[in-house]
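>>> The sequence isn't on hand, but the structure is:
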């Protein structure tokens, strides 16, 4: 049983499948995420696969400052990812809402709606930074595997100050 | 074929004990060779194994009633059929078999594709339904060519017994049939020019969209076993008749590996065709050759 658990931890670290979701991004971070799986950066070496369906994914990659339109979609997609799961916020927008702060069309940051495990800051972040963020999220997933997923989601969520 | 040899073929070689690692190996070879041809490093060697373990340990969404039971059972039926198809392959010389096992093999090879169609429709996802409709259209087109090619091989050699077919020497007609089978394999294995049912940029994952966790792992495994069965069928038809069992097994593995490389090269070098182009390709371009093959096979048979 212990061997199986260790094997599962290893497998979770070695095979992070992503689902990419755009929550009102300007496309800058989206292009950098796609660049991370291109031949130059080749994230598939770490077992990363960009999946079409949130049901297949382990890591939810969210870009954009969370527009009001996107809030329901974020909740739906977060619910569709099967546990154990991790969330990576790519770019400065989901972390702080960036230059869109105080906009009446924005309901960010992302932390308000779902627990985020890893922030990758930058406008846009470099592909190597994104790959590093995914690798960190995969390591978090591997540790989370020992515990029931619902218990750890709250613990894994780091605390940040509310935006003014 | 008595019970013990049947069980040994199903469970050991070329059955599950050989076929499951071979399935993971072929899935890795496909991904790695595509990566190398795109100038990437590609996934590590154990990647399909890690993917499988990880999916087995994930949770699945709650599904109740008949729809849930159906959705859980389709991948298992597909897996069982693919494993049975691998177990039927006449790899070792003199391993038995029965009259008409070629027909059973064809039925078992077809069952996973039927399960995919049913799974897409029973998942009630719009992407799954589109994927299933595409798989059904594609299956109707390539199967005509596939079945005609296998019929032409069987007709030219007067037998429906796989063991006897594999033992007979290869003739030019048989090579024509094998080429026709290889043309059908990309569509059967959902590879690139015909990867329409699971076209990830268009309809997410097609019929698999709603599947998660262990169910998805079963689909991945049955897809890998389909690789082993389909390439193994071509390998047994191509392989020369050898006396020693270890030599036969070695030639079988080497030929299967070569066919996997060929199919991956085609997949890396081509882009996805539209559904009407794919259907037209099989009905207009390749059907002529398949009809030629079967008519010449019948002609040769009645002249001799």
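Received it, and whenever you're ready, just let me know what you need. Note that the structure is predicted; figures quoted are calculated from it, not measured. Numbering: from 1, shown residues only, chains lettered A, B, ... in the order given.

>>> Could you use CA atoms for every contact and neighbour count after this?
Fine.

>>> Local confidence estimate at residue 147?
No chain was given, so I picked chain A. For residue A:147, the pLDDT comes out at 53.

>>> that's the other chain; I wanted chain B
Per the predicted model, pLDDT is 88 at residue B:147.

>>> which bits of chain A sit near chain B?
For chain A, the contact set with chain B under CA under 8 Å from any CA of the partner chain comprises A:7-8, A:10-12, A:14-15, A:39-40, A:42, A:44-47, A:51-53, A:55-56, A:82-84.

>>> who touches the helix or strand containing residue B:288?
Taking DSSP states H and E as the definition, one finds residue B:288 inside helix B:287-303. For helix B:287-303, contacts defined as CA atoms under 8 Å, 6 or more residues apart in numbering or on different chains pick out B:144-145, B:148-149, B:151-153, B:155-156, B:158, B:173, B:176-177, B:180.

>>> What about the residues of chain A next to chain B, which are in helices?
A:7-8, A:10-12, A:14 (DSSP state H).

>>> Measure how buried the spatially closest residue to residue A:39 that is not a sequence neighbour is and give me the count.
Of all residues not flanking residue A:39 in the chain, residue B:40 sits nearest, at 4.8 Å (CA to CA, 6 or more residues apart in numbering or on different chains). Using other CA atoms under 10 Å in any protein chain shown, residue B:40 is surrounded by 20 other residues.

>>> From one end of stretch A:74-94 to the other, what's the distance?
Start-to-end span of stretch A:74-94 (CA to CA, to the nearest Å) is 12 Å.

>>> Pull out the buried positions in that stretch.
Applying a neighbour-count criterion of 16 or more other CA atoms under 10 Å in any protein chain shown, one finds A:74, A:77-78, A:80-94 buried in stretch A:74-94.

>>> so for that stretch, what's the average pLDDT?
Mean per-residue pLDDT for stretch A:74-94: 90.

>>> on that earlier part again, can you tell me which of the buried residues of stretch A:74-94 are in helices?
A:74, A:77-78, A:80, A:92-94.

>>> Turn the ones in helices among the residues of chain A next to chain B into a markdown table, including neighbour count and pLDDT.
Listed next are those as a markdown table, based on neighbours: other CA atoms under 10 Å in any protein chain shown; pLDDT from 0 to 100:
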| residue | neighbour count | pLDDT |
| --- | --- | --- |
| A:7 | 16 | 89 |
| A:8 | 24 | 89 |
| A:10 | 19 | 89 |
| A:11 | 25 | 91 |
| A:12 | 29 | 90 |
| A:14 | 24 | 90 |
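
>>> Looking at the residues you listed, which is nearest residue A:140?
Nearest to residue A:140 out of these is residue A:12 (CA to CA; 9.3 Å).

>>> circling back: go through the ones in helices among the residues of chain A next to chain B and name the one nearest residue B:47.
Using CA to CA, these come closest to residue B:47 at residue A:14, 7.6 Å.

>>> and the longest helix anywhere in chain B, what does it pack onto?
Criterion DSSP H: the longest helix present in chain B is helix B:126-156. If you count contacts as 3 or more CA pairs under 8 Å, 6 or more residues apart in numbering or on different chains; DSSP states H and E, helix B:126-156 packs onto helix B:101-122, helix B:172-188, helix B:200-203, helix B:275-280, helix B:287-303.

>>> Go through the ones you listed and name the closest to residue B:221.
helix B:101-122 (11.3 Å).

>>> Quick check: buried residues in the closest one?
Going by neighbour count (16+ other CA under 10 Å), the buried part of helix B:101-122 is B:101-103, B:105-106, B:108-122.

>>> where along chain A do the strands fall?
Ranges of strands in chain A, per DSSP state E, are A:17-22, A:49-50, A:59-63, A:86-90, A:118-120.

>>> Quick check: buried residues in stretch B:155-169?
B:155-157, B:159-167.

>>> The residue lying closest to residue B:23 once chain neighbours are set aside in helix, strand or coil?
Nearest non-adjacent residue to residue B:23, counting by CA to CA, 6+ apart: residue B:224, 4.3 Å away. Classification of residue B:224 using DSSP: H, G, I helix; E, B strand; the rest coil returns helix.

>>> Looking at the buried residues of stretch B:155-169, which are in helices?
B:155-156, B:162-167.

>>> can you put these in a markdown table and add pLDDT and distance to residue B:6?
Shown next, in a markdown table, are those (pLDDT from 0 to 100; distance: CA to CA, whole Å):
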| residue | pLDDT | distance to residue B:6 |
| --- | --- | --- |
| B:155 | 79 | 26 |
| B:156 | 76 | 28 |
| B:162 | 79 | 14 |
| B:163 | 76 | 13 |
| B:164 | 76 | 17 |
| B:165 | 77 | 19 |
| B:166 | 75 | 18 |
| B:167 | 74 | 19 |
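
>>> ok, the residue of the stretch 101-250 of chain B found nearest chain A - how many residues close by?
Residue nearest to chain A within the stretch 101-250 of chain B: residue B:204 (4.2 Å; CA to the nearest CA). Using other CA under 10 Å, residue B:204 has 19 other residues around it.
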